[in-house]
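Peer 1: Need coordinates for the following:
(one chain, ligands or ions: 1)
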Amino acid sequence: MSNDKQIVTRIAPSPTGYMHVGTARTALFSWLYARGRGGKFLLRIEDTDRARSTPQATQAILDGMAWLGLDYDGDAISQFARAPRHAEVAHEMLAAGNAYKCFATQDEIAAFREQARAEKRSTLYQSPWRDADPDTHPDAPFVIRLKAPHDGETVIDDQVQGRVVIKNNQLDDMICLRSDGTPTYMLAVVVDDYDMGVTHVIRGDDHLTNAARQITVYNAMGWPLPTYAHIPLIHGPDGKKLSKRHGATSVVDYREMGYPAAAMRNYLARLGWSHGDDEFFSDEQARDWFDLSGCGKSPSRFDFKKLDNISGKHIAAMSDKALVAEVQGFLAATGQPMLQPQKSDVMEQAAYCIRGGAKKLGQVIDKARFVLVDRPLDVEEKALKNLDIVSRGILNELTPQLQAVSWDRDTLEGVLNALAAANDLSFGKLAAPLRAALAGRTATPSVFDMMLVLGREETIARLDDVTNMESDT
Ligand code: GLU
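Peer 2: Numbers count the residues shown, from 1 in each chain. A predicted model of the protein is given here:
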């Protein structure tokens with residue numbers, strides 16, 4: 001066997017009803033780390049809290065992963081389904097003398113703590129059953145506790161936090177199996193990570209102290225430790241932990257706001273990780289560049305302006321096809337009808353002139369309105385003002401000239417400039433009624449782009465619609 005063990009990372013979310021941006025970022029880091037090294041990325045749903053672990057809550061996680069394109073290997077693993085295996089490990093530790101049955105009642109534990117407080121000692125529970133002779137065991141309910149080391153220290157050689165030392169006198173003999181036979185979270189995480197072959201545990205630094213307790217389980221079982229990387233949490237612009245107060249915390253809310261998934265991946269990758277001064281990059285670059293050594297130790301701040309900025313760059317850079325696919329996803333996610341094939345085709349042709357300056361997909365759709373609407377157009381009130389009788393007369397002059405000219409930008413520019421000159425108008429004055437006729441609005445792509453995308457027949461038909469319009473202005 002080669003020494004270069006295959007990298008295996010995982011994301012282990014607890015179903016909370018939605019996928020938090022922080023969980024998405026941890027998933028992204030784990031995914032980038034594995035995928036950039038030919039490794040595996042696994043998904044484990046930590047669904048032991050039965051009240052919260054509804055199918056909808058799990059689905060919310062799957063939806064978040066799917067939107068971000070974070071594909072995982074194999075099937076999602078249910079932690080709850082593995083409870084018998086967790087119990088088996090607890091009993092193995094018991095048999096090996098690394099764990100013990102504790103018969104202490106809640107009242108006894110409370111009394112211990114109270115006395116410890118009164119005597120100003122550590123309130124970490126010290127069970128009298130740790131060293132009890134099994135012959136003295138009563139026939140009563142018991143929990144299985146791990147025999148934690150009480151002397152010395154536990155060292156976490158963390159890839160992000162550095163060398164973290166926890167004094168063992170701060171570790172209690174944690175419960176691994178409850179008296180009803182169900183495993184605790186702390187045991188389940190270790191057994192699952194070991195069985196799944198996880199080599200790198202990348203997660204939020206709120207789990208750093210858990211790592212010290214989890215290491216005692218690895219040691220008790222004689223299992224090799226994974227490499228740990230505890231990444232700082234995400235804060236809001238005010239430096240406080242990111243919460244609803246700052247804006248959306250659910251990752252799919254960003255889809256509904258109109259950010260493309262590629263932009264969200266890029267932005268989330270930059271939250272707590274950097275590669276030189278690079279702000280805008282592709283998935284391939286992120287995979288090639290991502291490393292734990294590039295992760296910072298201090299919390300990163302969610303910066304909505306920066307997200308907009310990166311998003312605009314992705315909207316500008318993606319292929320026409322990808323842009324239309326993003327638009328379709330956005331429409332579906334926001335409960336709007338998706339584009340029919342004919343409309344998505346023409347949107348693809350228009351892509352070059354509708355993406356400029358857009359930070360969100362809604363703005364792209366807005367600019368694309370001229371191809372999405374059908375004749376006769378509803379003309380906005382504001383645009384209608386540009387279609388007075390004089391302007392309509394000029395447009396009426398234009399239509400015959402468009403019949404026979406070659407349909408390219410240079411020729412159209414020549415025709416329109418000549419028409420403006422003949423009527424002693426600036427080009428802008430001519431463009432306003434044209435925008436109104438071709439798009440029914442005042443803010444549109446350039447009139448040349450619209451004419452080129454719409455084609456001769458549709459352009460003339462739209463002009464005819466307004467020149468034949470009944471009105472008294
Ligand atoms: N289920 C934990 C969470 O959602 C993650 C545990 C872990 O990554 O070890 O925070």
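
Peer 1: count of neighbours near residue 185?
Peer 2: Burial of residue 185 is recorded as 15 neighbouring residues (other Cβ atoms under 10 Å). (C-beta placed from N, C-alpha, C; glycine too.)

Peer 1: again, but for residue 357
Peer 2: Residue 357: 11 neighbours (other Cβ under 10 Å).

Peer 1: so what's the backbone phi/psi at it?
Peer 2: Per-residue torsions, residue 357: phi 80, psi -10 (degrees, to the nearest 10).

Peer 1: That one contacts residue 312, doesn't it?
Peer 2: Yes - in this structure, residue 357 is within contact of residue 312 by Cβ atoms under 8 Å, at 7.2 Å.

Peer 1: For the nearest residue to residue 26 once chain neighbours are set aside, name its beta-bridge partners.
Peer 2: In space, and not counting its chain neighbours, residue 26 is closest to residue 203: 5.7 Å by Cβ to Cβ, 6 or more residues apart in numbering. Here residue 203 sits in beta bridges with residue 230, going by DSSP bridges.

Peer 1: Please report how far residue 203 lies from residue 210.
Peer 2: For residue 203, the distance to residue 210 equals 9 Å [Cβ to Cβ, to the nearest Å].

Peer 1: Between these two, point out the one with more neighbours.
Peer 2: Ranked by neighbour count (other Cβ under 10 Å), residue 203 and residue 210 place residue 203 first, with 23 against 15.

Peer 1: show me what contacts the more buried one?
Peer 2: 12, 26, 229-231 (Cβ atoms under 8 Å, 6 or more residues apart in numbering).

Peer 1: Distance of the residue nearest to residue 26 relative to residue 196?
Peer 2: When residue 203 is compared with residue 196 (using Cβ to Cβ), they lie 14 Å apart.

Peer 1: from the stretch 301-450 of the chain, which residue is nearest to the ligand?
Peer 2: Of all residues in the stretch 301-450 of the chain, residue 302 sits closest to the ligand, at 18.2 Å by Cβ to the nearest ligand atom.

Peer 1: ok, now which ones touch that residue?
Peer 2: Residue 302 touches 21, 234-237, 242, 246-247, 271, counting by Cβ under 8 Å, 6+ apart.

Peer 1: Among those, name the ones in strands.
Peer 2: Among the contacts of residue 302, the members found in strands (DSSP state E) are 234-235.

Peer 1: Now tabulate the contacts of residue 302 in TSV and tack on pLDDT.
Peer 2: Listed next are the contacts of residue 302 as TSV, based on pLDDT from 0 to 100:
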residue	pLDDT
21	96
234	95
235	95
236	93
237	91
242	90
246	90
247	87
271	95
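
Peer 1: could you dump the contacts of residue 302 to JSON lines with distance to residue 53?
Peer 2: Shown next, in JSON lines, are these (distance: Cβ to Cβ, whole Å):
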{"residue": "21", "distance to residue 53": "21"}
{"residue": "234", "distance to residue 53": "24"}
{"residue": "235", "distance to residue 53": "28"}
{"residue": "236", "distance to residue 53": "28"}
{"residue": "237", "distance to residue 53": "33"}
{"residue": "242", "distance to residue 53": "24"}
{"residue": "246", "distance to residue 53": "27"}
{"residue": "247", "distance to residue 53": "27"}
{"residue": "271", "distance to residue 53": "27"}
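
Peer 1: Write a ChimeraX command that selects only the buried members of the contacts of residue 302.
Peer 2: Buried members of the contacts of residue 302, defined by 16 or more other Cβ atoms under 10 Å, are picked up in ChimeraX with:
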select :21,234,235,236,242,246,247,271
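
Peer 1: Just the closest of the contacts of residue 302 to residue 467, please.
Peer 2: Nearest to residue 467 among those, counting by Cβ to Cβ, is residue 247 at 47.5 Å.

Peer 1: In what element of secondary structure is the residue in the stretch 51-200 of the chain positioned nearest to the ligand found?
Peer 2: Closest to the ligand within the stretch 51-200 of the chain is residue 189: 4.9 Å, counting by Cβ to the nearest ligand atom. For residue 189, the element it lies in under DSSP states H and E is helix 185-195.

Peer 1: same for that helix, what does it pack against?
Peer 2: Where contact means 3 or more Cβ pairs under 8 Å, 6 or more residues apart in numbering; DSSP states H and E, helix 185-195 is packed against helix 83-95, strand 175-177, helix 208-221.

Peer 1: returning to what we had before: list just the nearest of the contacts of residue 203 to residue 454.
Peer 2: residue 26 (46.8 Å).

Peer 1: Quick check: phi and psi at the residue of the stretch 251-400 of the chain at minimum distance from the ligand.
Peer 2: Distances between the stretch 251-400 of the chain and the ligand by Cβ to the nearest ligand atom are smallest at residue 251, namely 13.6 Å. In terms of degrees, to the nearest 10, the main-chain angles of residue 251 are phi -60, psi -40.

Peer 1: That one and residue 268, how far apart?
Peer 2: From residue 251 to residue 268 the distance is 8 Å (Cβ to Cβ).

Peer 1: cool, and residue 171?
Peer 2: For residue 171, the distance to residue 268 - Cβ to Cβ - is 34 Å.

Peer 1: cool, and residue 130?
Peer 2: 45 Å.

Peer 1: One more: residue 345?
Peer 2: In terms of Cβ to Cβ, residue 345 sits 32 Å off from residue 268.

Peer 1: Please apply the same query to residue 192.
Peer 2: Distance from residue 192 to residue 268, by Cβ to Cβ: 25 Å.

Peer 1: returning to that earlier point: turn the helices and strands packed on helix 185-195 into JSON lines, including mean pLDDT and distance to the ligand.
Peer 2: Shown next, in JSON lines, are the helices and strands packed on helix 185-195 (pLDDT from 0 to 100; distance: least, Cβ to the nearest ligand atom, whole Å):
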{"stretch": "helix 83-95", "mean pLDDT": "98", "distance to the ligand": "14"}
{"stretch": "strand 175-177", "mean pLDDT": "98", "distance to the ligand": "16"}
{"stretch": "helix 208-221", "mean pLDDT": "96", "distance to the ligand": "7"}
